[in-house]
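[1] Please find the sequence and the predicted model below.
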Amino acid sequence: MSYQETAHPVDLAKVCATARDLVAREAPIYEQRRPRSQAMFANPAPGFYDQVPQHWMRDWPMPFPFAVAGASGSTLTDIDGNTLVDFCLGDTGAMFGHAPRPIVEALSQSGARGLTTMLPSGEVAEVGKLLTDRFGPFVFQIATTASDANRFAIRVARAVTGRNKILVFDGCYHGAVDETLVDLEDGQTVARKNLLGQVVDVTTTTLSIPFNDIDALKTALEAGDIAVVLAEPVMTNCGMILPDEGYLTALRDLTRTTGTLLHIDETHTISTGLGGYTAVHGLDPDIFVVGKPVGGGVPVAIWGMSQEVAKAMSDIRARMTGIGHSGIGTTLSGSTLQIACLRACLSEVMTAEAYATMNRHADRLEQGFTDAIRAAGLPWHVSRVGARLEIVFSANPVRNAAEARAAAIDDIQHALHIGVLNQGYLVTPFHNMVLVAPTTTDKQVEGLLSAYENVLTRLVAQEGI
């Protein structure tokens, strides 16, 4: 939908002012409903830094975090007794719902047998078959997080190509991998702002280019020094940036022509459908990574290599003298617990039926969000990759990170977030992504649409513009 199609265009500067007023009115409501959470964060106690296990948990766009008492299916409850419909879903970690029964049973059964032994469990062969059936003929290894999986895969790519540099796209997110924490400014790769303790000059190991720019990609790869291109097939952490038609084909062709490996990180785009974006759209990467939801929310990630990459890795290892530390792998990776949860998730949770339900609900959300935007006369559109949706504050799809950053409006993001939260719906912080689980119900979908429509109506109400 283009801005010209909207019935009543509005003054966005006035909408931003209204958004700030809305946040100021909603914040006290949020606080009044959560006295226990407020007291928890208002009274510093010894222990955690900033009283949270991860410091960024204090960065959510609300007065203070709420503490969770429990989560099941598509709902969660905080310690003050407030129940929320969850469309954040641990930002993909709980993409198939909180505490799926097969995962809970696998945890219980595995726990009774021991959690980790530093040896393969008896389920390895079965899980290996499930992995190749689901994701393709890769040769897999297990990690604890996608960050680790990406680190290990980059190390393999450098080893088998004999090249040092990697290429990423501006605005990328691949976890806590040092080499990927870069941005593109004035045509130059620079270390991302606000990094703590950065000592290595990552611009010597990493090149960043705009997504969807075939000319920039061609120029970068023809230099012949790029070991691997690390990419999400749809960029999901800087708005939601879809590939131009033919771009991913060009990416695959150019990497092959220049002897560069293609590494696809599907940790977020696994929302596309069964087997992820790679399976649904017929991609053919050399390296394939999925983290977060692949074990039903238990810390586990997978990384797969093509047969050719695996053989090259084996050849290198065969030439090594003695047993040494490769820099790949951690003691708790590949544990009995992880293998058990992978089996349960792949066979009983991450199913074609689950994706069908998720995408049916996402169809309704996409249409409902679009209708609400059009009715409000706002120059926005809905971007989507399977069960993952996002309202982007631009009339037309953004094609790269520069356009996505230009489209971001913090005041409106904050207003939408707390506005729907106070109506009982939780969406992802920072860029308000919405994720649908197979446990999401029709009623919950309609409720979220009503909540969004309510906030949009308030943002463009006549007295506000």
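    Alright, I've got the coordinates. Numbers count the residues shown, from 1 in each chain.

[2] so the closest residue to residue 284 other than its chain neighbours is in which element?
    Leaving aside its sequence neighbours, residue 284 sits nearest to residue 252 (CB to CB, 6 or more residues apart in numbering; 6.2 Å). In short, each C-beta sits where N, CA and C put it, glycine included. Here residue 252 sits within helix 247-257, counting by DSSP states H and E.

[3] Averaged pLDDT, that helix. What do you get?
    Averaged over helix 247-257, pLDDT sits at 98.

[4] Next, the buried residues of that helix.
    247, 248, 251, 252, 254, 255 (16 or more other CB atoms under 10 Å).

[5] which stretches of the stretch 151-300 of the chain form strands?
    Counting by DSSP state E, counting those that start in this stretch, one finds strands in the stretch 151-300 of the chain at the ranges 165-169, 182-185, 188-191, 206-209, 226-231, 261-265, 287-290.

[6] To residue 417, which of the ones you listed lies closest?
    Closest to residue 417 of the strands of the stretch 151-300 of the chain, according to CB to CB: strand 182-185, at 24.2 Å.

[7] before we move on, the earlier item: how about the residue nearest to residue 284, what does it touch?
    Counting by CB atoms under 8 Å, 6 or more residues apart in numbering, residue 252 touches 262, 283, 284, 285.

[8] got the contact list for the first one?
    The contact partners of residue 262, by CB under 8 Å, 6+ apart, come to 228, 229, 231, 251, 252, 255, 284, 285, 286, 287.

[9] Now the most centrally placed residue in the chain: phi and psi?
    The centroid of the chain falls nearest to residue 268 when counting by CA atoms, centre = their mean (3.6 Å). Torsion angles at residue 268 (phi, psi; degrees, to the nearest 10) stand at phi -100, psi -40.

[10] That one against residue 92, yeah?
    Yes: look at residue 268 against residue 92 with CB atoms under 8 Å: they come within range, at 5.6 Å.

[11] before we move on, the earlier item: what's the separation between the residue nearest to residue 284 and residue 243?
    11 Å (CB to CB, to the nearest Å).

[12] For this protein, just list every one of the helices.
    12-32, 35-42, 101-113, 124-135, 146-161, 214-222, 247-257, 276-281, 307-318, 336-344, 352-376, 401-407, 410-421, 442-459 (DSSP state H).

[13] What are the buried residues along the fourth one?
    In other words, helix 124-135. For helix 124-135, burial by neighbour count (16+ other CB under 10 Å) applies to 124, 127, 130, 131, 134, 135.

[14] who's in contact with the last one?
    Residue 135 is in contact with 275, 276, 278, 279, 288, 290, 302, 304, counting by CB under 8 Å, 6+ apart.

[15] between these, which is nearest residue 58?
    So of those, ranked by how close each gets to residue 58 (CB to CB), first place is residue 290, at 28.6 Å.

[16] May I have the beta-bridge partners of that closest one?
    residue 302 (DSSP bridges).

[17] dump the residue contacts of it.
    135, 146, 266, 267, 270, 276, 301, 302.

[18] how does it look with 6 Å?
    Contact partners of residue 290, counting by CB atoms under 6 Å, 6 or more residues apart in numbering, are 266, 267, 270, 302.

[19] just residue 343 next, same as before
    By CB under 6 Å, 6+ apart, the residues touching residue 343 are 123, 127.
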